[in-house]
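In: What would the 3D arrangement of this be:
(one chain, ligands or ions: 1)
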Amino acid sequence: MATLSSSLLSSSPPLYKPRVSPTTLVSRTDFISFSPRTTLSSSTISPAMILSLPVKQNHRRNSLQVKSVASPTETVSEFDEMVSGTKRKYYMLGGKGGVGKTSCAASLAVRFANNGHPTLVVSTDPAHSLSDSFAQDLTGGMLVPVEGPDSPLFALEINPEKAREEFRSASQMNGGTEVKDFMDGMGLGMLVEQLGELKLGELLDTPPPGLDEAIAISKVIQFLESPEYNMFTRIVFDTAPTGHTLRLLSLPDFLDASIGKILKLRQKINSATSAIKSVFGKEDNQPDAAEKLERLRERMVKVRELFRDTESTEFVIVTIPTVMAVSESSRLSASLKKESVPVKRLVVNQILPPSSSDCKFCSIKRKDQMRALDMIREDSELSGLTLMEAPLVDLEIRGVPALRFLGDIIWK
Ligand SMILES: Nc1ncnc2c1ncn2[C@@H]1O[C@H](COP(=O)(O)OP(=O)(O)OP(=O)(O)O)[C@@H](O)[C@H]1O
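Out: Alright, predicted model coming up:
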């Protein structure tokens with residue numbers, strides 16, 4: 001059985017190589033039978049040795065060595081396509097909870113960085129696990145360098161609470177009772193009530209799934225707009241589980257409309273209150289919330305556009321070979337398609353590696369996985385996607401060496 005513990009210690013090229021061409025969906029037997037090279041002896045290498053693997057400390061900034069694009073006669077692998085070009089590309093990994101989104105996203109980020117791309121990996125999942133996955137402290141809501149890969153790799157865990165709080169302060173529109181009193185006095189109290197009816201405050205108190213994601217992604221866009229982040233040519237998102245993603249897709253439209261309404265009302269209130277205040281000689285010391293909101297609205301529009309930009313963005317569905325996960329992936333794929341979000345690849349994670357001597361448990365499990373893999377092959381949504389597969393490994397995938405191992409297997 002291929003083991004992470006044994007394979008990690010071997011120097012490149014990795015010993016584990018699935019023989020399945022990732023460009024086509026393959027037959028059931030091909031799908032889970034890996035080459036004999038995958039069968040490694042775990043007795044040769046101990047997990048403790050993995051932990052002692054050297055970690056490079058220095059990032060080679062600005063040394064972009066992106067793989068060259070193959071000539072027309074050569075077969076272009078999936079990863080060649082993903083890695084080619086220095087124009088910035090976004091990869092959003094999503095799927096059912098617990099299927100390995102973070103591990104796959106982190107492994108892709110490591111793979112990009114090791115192939116010359118200055119890369120940023122972002123977690124917009126409220127339950128962050130990037131720090132756990134990289135076995136490094138990446139918390140704090142700012143870009144943190146990840147130690148290990150050949151090119152700069154940074155991680156960003158967006159704190160959804162904090163981002164939402166910023167959003168909330170940007171949308172405090174009524175300016176306290178003072179303005180309301182003015183407005184009432186002017187017979188414009190209705191406007192303030194209308195603002196209340198937009199229920200944005202309520203929405204932020206009990207955020208629906210997806211709101212944190214939308215705010216988090218807009219926050220990332222905000223980061224990326226600044227010149228010091230120009231260097232990143234690959235951005236990998238570890239997104240929240242399916243439900244959040246689906247909600248997120250419709251949220252930018254919803255928020256865009258809500259903010260648009262708020263801004264219009266705000267304009268009306270502004271002109272009314274400033275007229276009153278000028279009469280009373282009062283200064284308006286409030287920060288320009290309307291401006292902040294407008295910027296936020298613009299970013300939301302960008303989030304929406306980013307998700308649908310086939311040139312620069314790809315949503316990669318991650319699943320495991322179980323009927324439940326495959327069914328959910330199929331629904332996710334359908335929804336993404338409906339929303340015009342580009343999806344090309346499906347990662348099937350945690351496939352049982354081959355073994356010549358299955359125990360009863362493994363043999364039943366293998367059959368169960370085959371059923372799920374058959375489902376993928378026959379599913380109208382999923383069968384058109386390029387399959388990328390990852391074996392179930394024997395150790396928890398933590399740290400850059402382990403992620404490199406996994407990445408080299410999946411992203412071929
Ligand atoms: N191919 C694999 N082989 C063995 N363990 C794996 C594999 N992929 C993921 N895992 C393990 O499964 C657990 C969950 O993985 P991960 O955190 O990547 O999933 P997730 O989909 O991001 O979860 P969540 O939805 O909770 O964010 C982790 O302990 C990880 O190490």
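
In: my guess is N159 contacts G141, does it?
Out: Yes - counting by C-beta atoms under 8 Å, N159 does reach G141; the two are 4.5 Å apart. C-beta: built from backbone N, CA, C; applies to glycine.

In: Those residues of this protein touching the ligand, which are they?
Out: 97-103, 125, 127, 129, 241, 349-350, 390, 392-393, 396-397 (C-beta under 6 Å from any ligand atom).

In: Give the other helices and strands that the top strand by length along the chain contacts.
Out: In the chain, assigned by DSSP state E, the strand with the most residues is strand 343-351. Applying 3 or more C-beta pairs under 8 Å, 6 or more residues apart in numbering; DSSP states H and E, we find strand 343-351 packed against helix 101-114, strand 313-319, helix 323-338, helix 360-378, strand 386-391.

In: Just the residues contacting the very next helix or strand once past the first one, thanks.
Out: Sequence-wise, the next helix or strand downstream of helix 101-114 (DSSP states H and E) is strand 119-123. Taking C-beta atoms under 8 Å, 6 or more residues apart in numbering as the criterion, the residues outside strand 119-123 that touch it are 102, 105-106, 109, 112-113, 129-130, 143, 146, 149, 151-158, 216, 220, 224, 229, 232-238.

In: Next, the angle from strand 119-123 to helix 101-114.
Out: On the basis of axes from the mean of the first three to the mean of the last three C-alpha atoms, to 10 degrees, strand 119-123 is oriented at 170 degrees to helix 101-114.

In: Direction included, what does strand 119-123 pair against?
Out: Looking at strand 119-123 with DSSP bridges, its paired strands and their directions are strand 153-157 (parallel), strand 234-238 (parallel).

In: Show me which of the residues of the chain next to the ligand are buried.
Out: Buried members of the residues of the chain next to the ligand, scored by 16 or more other C-beta atoms under 10 Å, are 99-103, 125, 129, 241, 349-350, 390, 392-393, 397.

In: where does the stretch 251-400 of the chain dip in pLDDT?
Out: For the stretch 251-400 of the chain, the stretches with pLDDT under 70 are 251-263, 265-293, 296-297.

In: If we use 80, what do you get?
Out: Across the stretch 251-400 of the chain, the ranges flagged by pLDDT under 80 are 251-304.

In: hmm, back to that, would you tell me which one of the strands paired with strand 119-123 is buried the most?
Out: Neighbour counts (mean count of other C-beta atoms under 10 Å) averaged over each of the strands paired with strand 119-123 peak at strand 234-238, with a mean of 28.

In: residue contacts, the residue in the stretch 151-300 of the chain that the ligand sits nearest to?
Out: At 4.9 Å from the ligand, P241 is the closest residue in the stretch 151-300 of the chain, using C-beta to the nearest ligand atom. Contact analysis of P241 by C-beta under 8 Å, 6+ apart lists G94, G95, K96, G97, K101, D125.

In: Just give me the least confident of those residues.
Out: pLDDT is lowest at D125 among the contacts of P241; the value there is 72.

In: just checking, that residue is part of a strand?
Out: No - counting by DSSP: H, G, I helix; E, B strand; the rest coil, D125 is located in no strand; its state is coil.

In: That one and T102: what is the separation?
Out: As for D125, its distance to T102 is 7 Å (criterion: C-beta to C-beta, to the nearest Å).

In: Could you please give me the overlap between the contact lists of those two?
Out: Residues touching both D125 and T102 (C-beta under 8 Å, 6+ apart): D238.
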